[in-house]
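Student: how would this look folded up:
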Amino acid sequence: MLWFVLSFLTALAVASHDAWVKKFFSGLSIYQMLAYPLIYSLPLLILTLPFVPVPPLDAVFLRAFLFCLPINAIGFSLHMRAIQVSPLSLTLPYLSFTPVFMILTGFIVLDEMPNAWGIVGIVIICTGGYILNLEPAKNALLAPLKAVFRETGSWLMLIVAFAYSLGAVFGKQAIMHSSPLFFSITFFAILNILLVAGFRIFGKITLRTFRAQKQKGIIVGLLFFAHVLLHAFAISLTKAAYMIAVKRFSVVLGLIYGGVIFKEKNIAVRTLGTLLMVAGAVLITIWGS
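Tutor: Below is the predicted model:
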């Protein structure tokens, strides 16, 4: 049960991070929005490094670690591109398919195969994530599905979901051959540096931009840092597909933030999706392990 609590707290950190970025940084470019948490979490990651015990490392860890860097960098980059070129309602739903892809990637990389109840639970959660983004008032029942064939952002986000599924299982493999704390801190310290440096080199950001809202930047950095730690510990305690499925509760929590803070519509339909996701998570927790 600890893995479920940690996974849910990971989802809470993700949803809170996204809501904070949307509320205070949405007027910036996509690159600036995503660089804010990277820059402000980096000092926390670096300051934590000296206090992290270095476990015995082997070739499996190094291989998984090095593979995770480009996979996550590609995922982040395509994620930004997807939400830049297409509506959020036609892109973000496809992140719900990450745990579905992880049935395959988890089996290939980690030799993990969810039992029948686990697979049913994952499918229910993905179905709920799909329903959350329906717009019946606009006769958009099949919009998220049709969008795959006409929206650049939609098929890009499917690639992102697959990239994240690979990143999650290779990340767990690296954790299994080191420790949750060592991997999470070192990996994101290096990844943050590489991404921020890349954005800066290609002229996507200027560092003086991030001096304007320091207090808000510190909070989003703390949320990102909490996400990193909670994710690492949670995924080390259970099957990777289960952890990511529960982590997708961030969509549910995002629905709550959207209704309360941003006054978004279609709450009734999205509540149905929420209930399905809750049912899927309960199914996984009780019978899927």
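Student: which residues touch residue 256?
Tutor: residue 15 (C-beta atoms under 8 Å, 6 or more residues apart in numbering). No exception for glycine: its C-beta is placed from N, CA and C like everyone else's.
Student: hang on, residue 151 packs against residue 91?
Tutor: Yes. The pair residue 151 / residue 91 is scored as a contact, 7.3 Å apart, by C-beta atoms under 8 Å.
Student: Show me what the helix or strand hosting residue 275 is packed against.
Tutor: Taking DSSP states H and E as the criterion, residue 275 maps to helix 267-283. Helix 267-283 sits against helix 116-131, helix 240-247, helix 249-260, with contacts defined as 3 or more C-beta pairs under 8 Å, 6 or more residues apart in numbering; DSSP states H and E.
Student: Swap in 10 Å and give it another go.
Tutor: Judged by 3 or more C-beta pairs under 10 Å, 6 or more residues apart in numbering; DSSP states H and E, the packing partners of helix 267-283 are helix 2-25, helix 116-131, helix 240-247, helix 249-260.
Student: Please identify the deepest-packed of these.
Tutor: Mean neighbour count (mean count of other C-beta atoms under 10 Å) peaks for helix 240-247 among these, with a mean of 28.
Student: Specify the angle between it and helix 267-283 in degrees.
Tutor: 150 degrees (axes from the mean of the first three to the mean of the last three C-alpha atoms, to 10 degrees).
Student: Can you give me the neighbour number for residue 209?
Tutor: Residue 209 is flanked by 15 other residues according to other C-beta atoms under 10 Å.
Student: how deep is the residue lying closest to it once chain neighbours are set aside tucked in, by neighbour count?
Tutor: In space, and not counting its chain neighbours, residue 209 is closest to residue 32: 5.8 Å by C-beta to C-beta, 6 or more residues apart in numbering. Using other C-beta under 10 Å, residue 32 is surrounded by 17 other residues.
Student: measure residue 32 to residue 156 for me?
Tutor: For residue 32, the distance to residue 156 equals 20 Å [C-beta to C-beta, to the nearest Å].
Student: Where does the prediction get shaky in this structure?
Tutor: 87-90, 92-93, 132-149, 264-267, 270, 274, 285-286, 288-289 (pLDDT under 70).
Student: Helix or strand next in line after the one helix or strand residue 168 maps to, which one?
Tutor: Here residue 168 sits within helix 152-176, counting by DSSP H and E. Once the chain leaves helix 152-176, the next helix or strand it forms, by DSSP H and E, is helix 180-201.
Student: how big is the angle separating that next one from helix 152-176?
Tutor: Using the same axes, to 10 degrees, the direction of helix 180-201 lies 140 degrees away from that of helix 152-176.
Student: May I see the buried residues of helix 180-201?
Tutor: 180-189, 191-192, 195-196, 199 (16 or more other C-beta atoms under 10 Å).
Student: Can you identify the element that follows it toward the C-terminus?
Tutor: helix 214-235.
Student: Now do that following helix: which elements does it pack against?
Tutor: In terms of contacts (3+ C-beta pairs under 10 Å, 6+ apart), helix 214-235 is packed against helix 2-25, helix 30-48, helix 152-176, helix 180-201, helix 240-247.
Student: Surely residue 74 touches residue 163?
Tutor: Yes. With contact defined as C-beta atoms under 10 Å, residue 74 reaches residue 163; the gap is 5.5 Å.
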